[in-house]
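Asker: sequence and predicted structure, then a few things I'm wondering about:
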Amino acid sequence: SNSSQKIFTYKDDFTIEEKFYFRVKIFDLLNDKKDWLSSNVNKIDNNYKNTYISFNENEQKYKGILILEPNNKRWIPSLKNTRIVDNVTNFDDLNLVFKSNNKIVNKEVYTSSYFPSRMNLGINLKRHYTLLPNTINSELINWAITVYDNSKNNDDYINKVLAEFSSGEFYYSLKPANYGNNYSKFFLETKEGYCEYYAGTLAILTRIVGIPSRIVSGFYAGEYNDYGKFFNFNQSDAHAWVEVWFEEKGWIRIDPTAFIPNQNIKDSNNYSVRNSSINEGANFIFSKTIRKIYNYARYLDYKWTNTFLQYDKKSRKNVLKKYLDKKYFVKLIKSIIIILLFLSFIILFYNILFNKKILYTLLIYKLKKKGFKIKPFHTHQQIFKMIDLTEQKKINDILNFYESNTFQYIHNNILERLNINLKILKY
């Protein structure tokens, strides 16, 4: 699927522990081929009738807004301790997920509130969450039993499993060796995979020793928009984690990939993960400007959607009739273009005056065009030494200025900065 495909936008006026982990689907059955599947909720209701009960505390008057893009499906992403208040949804109180009554073929807005819940599981239902096929590798079973026998309790055992993932031997990669659903090979040999491998393995290792667990798939992190104070979630933010049952606490989220050291993350589509690492080679001249324009465009889209879709159908028709005539539409497009160009100019002008790195990068680009073989790891002193005497005289003042601002933290005035930037532009 397209990793940049926009899935939904979310904004709220409250903070809860489960933020950033949006639930979509639960996987609680492992078949003989080691495929994780979702149980039929109605079938579970019939088999384990009255063995689970949800206790809802008083609903708090806080609001979250989720704008969901059309996906031709019924699932609606939601946070664990929230409830979607719109009456067009169905709530699965066993899996704590929401579905629309109909397939979502248009952009929709959903309102949610903070609604914490507790749950009790009967003995038979707990046993359901420990079921495993007889095709689980014996080496994996022996590893789990040995570690569990040497653990103080369930908490200690789970901590030892997570310690394996954080040991430095495991790697996160979107392109691991193709070994299918061989979780034992992943855990005992290759030690490299993406979130589904880590979640599936943790669920198996807990079930082997009788600890109830299930896999949750959904979306993690998202990209924050400074203009609208909301989060954008793309297909690249899709994620999987595990919920483990604790008698006193209920279902507790454990994300095994969070225990992988940062240096062991080989690649990731997730914006939050990419943004946490430093890539010096990606310092393009207009990257910050483009990102700001992109975020502002998404902010405008959010404002329009959040306002327009809140109307009832009659109000929408009136708005369209009043404003979306041909003349108004042309004026609107022209105004948007002018605003975007003006914002681009302001941001670029600000960067020219105050961002000490952007025009330094332009200088390096111009030196490369003149034939100097400059590498990303070269310091400005090394660059100065590799160019000829004539070029050294031309850029001596520029590099001295760059050094004083970057390493000596001497803040020159705007006129001096402008003068240096003009020299780079003329060079």
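Answerer: Looks like it came in fine.
Asker: C-alpha from now on. contacts and neighbour counts both.
Answerer: Noted.
Asker: let me know how buried the nearest residue to residue 205 once chain neighbours are set aside is, in neighbour terms.
Answerer: Nearest residue to residue 205, sequence neighbours excluded (CA to CA, 6 or more residues apart in numbering): residue 144, at 6.1 Å. Neighbourhood size, residue 144 [other CA atoms under 10 Å]: 19.
Asker: ok, now the one 4 residues further on?
Answerer: The criterion is other CA under 10 Å. On that basis, residue 148 has 21 neighbouring residues.
Asker: picking up where we left off before, quick one: which helix or strand includes the residue nearest to residue 205?
Answerer: Residue 144 is part of helix 138-149, with elements assigned from DSSP states H and E.
Asker: give me the contacts around that helix.
Answerer: Residues from elsewhere that reach helix 138-149, judged by CA atoms under 8 Å, 6 or more residues apart in numbering: 154, 157, 160, 184, 188, 205, 208-209.
Asker: any chance of TSV for these, columns distance to residue 244?
Answerer: Shown next, in TSV, are the contacts of helix 138-149 (distance: CA to CA, whole Å):
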residue	distance to residue 244
154	10
157	12
160	15
184	20
188	22
205	11
208	13
209	12
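Asker: can you select the buried ones from the residues you listed in ChimeraX?
Answerer: Filtering the contacts of helix 138-149 down to the buried ones (16 or more other CA atoms under 10 Å) takes a single ChimeraX command:
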select :157,184,205,208,209
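Asker: kindly indicate which of the contacts of helix 138-149 lies nearest residue 74.
Answerer: Closest to residue 74 out of the contacts of helix 138-149 is residue 205 (31.7 Å), distances taken as CA to CA.
Asker: helix/strand/coil for the closest one?
Answerer: Following DSSP: H, G, I helix; E, B strand; the rest coil, we place residue 205 in the helix state.
Asker: quickly note the distance from the closest residue to residue 392 other than its chain neighbours to residue 427.
Answerer: Of all residues not flanking residue 392 in the chain, residue 384 sits nearest, at 6.4 Å (CA to CA, 6+ apart). To residue 427, residue 384 is 15 Å away according to CA to CA, to the nearest Å.
Asker: and the strands in the stretch 151-300 of the chain?
Answerer: Using DSSP state E, counting those that start in this stretch, the strands assigned to the stretch 151-300 of the chain run over residues 171-172, 192-193, 213-220, 223-225, 230-234, 238-246, 250-254.
Asker: let me have those strands in TSV, extended by mean neighbour count and mean pLDDT.
Answerer: Output for the strands of the stretch 151-300 of the chain, formatted as TSV (neighbours: other CA atoms under 10 Å; pLDDT from 0 to 100):
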stretch	mean neighbour count	mean pLDDT
strand 171-172	22	92
strand 192-193	22	93
strand 213-220	24	96
strand 223-225	18	84
strand 230-234	21	89
strand 238-246	22	95
strand 250-254	16	93
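Asker: looking at those, which is closest to residue 27?
Answerer: Smallest distance to residue 27 across those (CA to CA): 5.0 Å, for strand 213-220.
Asker: tell me what the closest one is packed against?
Answerer: In terms of contacts (3 or more CA pairs under 8 Å, 6 or more residues apart in numbering; DSSP states H and E), strand 213-220 is packed against strand 21-27, helix 195-208, strand 238-246.
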